[in-house]
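Visitor: here are the coordinates; sequence isn't available:
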């Protein structure tokens, strides 16, 4: 069954049904089904997608086992290669689904599809018409929760990942939004200021702000509490050098 001529709608949904915009709701209503990867039989992140589908028209959710990813590479080149192989396997799995099921398809993306998400790369080689519906991003939600502006007057904000944080600081960045953090390593940054959030919009949402050296214990405890409440942790934070 050919996928040519069909639409694939990549839909940003923020952190759950409460963040689905009218445009995203209309996009969900327009597709025949939503496809999603599952990392395990009991995947709490998949359950959030299921709740979004149920809240906006009971859209069928087609679950695909997520291909294994090699997480051992330490060097940047090896890491990039491992991610490319994983993306290729995911694209192949998506092509199989589209080849066996008719109709337009949706994919639900945490936050916004434009920011640290690989879905648009995955679907770029598929024979479908790709449409993107924006969502509320994690940095936007972080700023709202703390009632802050991410940048200072007339100055930039640098958006990066936990893996790149140290290199970016060494390169001179001093006002950073950090995403995809697998832990908290802020040694040597005790005098910096941090605005941190985990599982924003979820039941386990936790917020911490202050001087890094003063709030590290509270931050560690909040991360544990977020995982205990939701079964997972997604954190994002703004880190700013002392002025």
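Guide: Received, thanks. Every value quoted in this text rests on a predicted model; they were computed, and no experiment measured them.

Visitor: C-alpha only now, for contacts and for neighbours.
Guide: Will do.

Visitor: And the one helix or strand in the chain whose mean pLDDT sits lowest, what's buried?
Guide: The helix or strand of the chain with the poorest confidence is helix 76-100; it has a mean of 85 (mean pLDDT, DSSP states H and E). Buried positions in helix 76-100, judged by neighbour count with 16 or more other CA atoms under 10 Å: 82, 83, 86, 87, 89, 90, 91, 93, 94, 95, 97, 98.

Visitor: Over to stretch 58-77?
Guide: 59, 61, 64, 67.

Visitor: neighbours of residue 105, just the number please.
Guide: 25 (other CA atoms under 10 Å).

Visitor: nope, residue 54 is what I meant
Guide: By other CA under 10 Å, neighbour count at residue 54 equals 14.

Visitor: Please identify the helix or strand for it.
Guide: Per DSSP states H and E: residue 54 is located in helix 44-55.

Visitor: Report all helices and strands that that helix contacts.
Guide: Judged by 3 or more CA pairs under 8 Å, 6 or more residues apart in numbering; DSSP states H and E, the packing partners of helix 44-55 are strand 33-38.

Visitor: Show me which of the buried residues of helix 76-100 is closest to residue 189.
Guide: Lowest distance from residue 189 to these (CA to CA) belongs to residue 83, with 29.7 Å.

Visitor: coming back round to it: going along the chain from the least confident helix or strand of the chain, find the next helix or strand for me.
Guide: Next along from helix 76-100, by DSSP H and E: strand 105-109.

Visitor: which parts of the helix holding residue 54 are buried?
Guide: 45, 46, 48, 49, 50, 52, 53.
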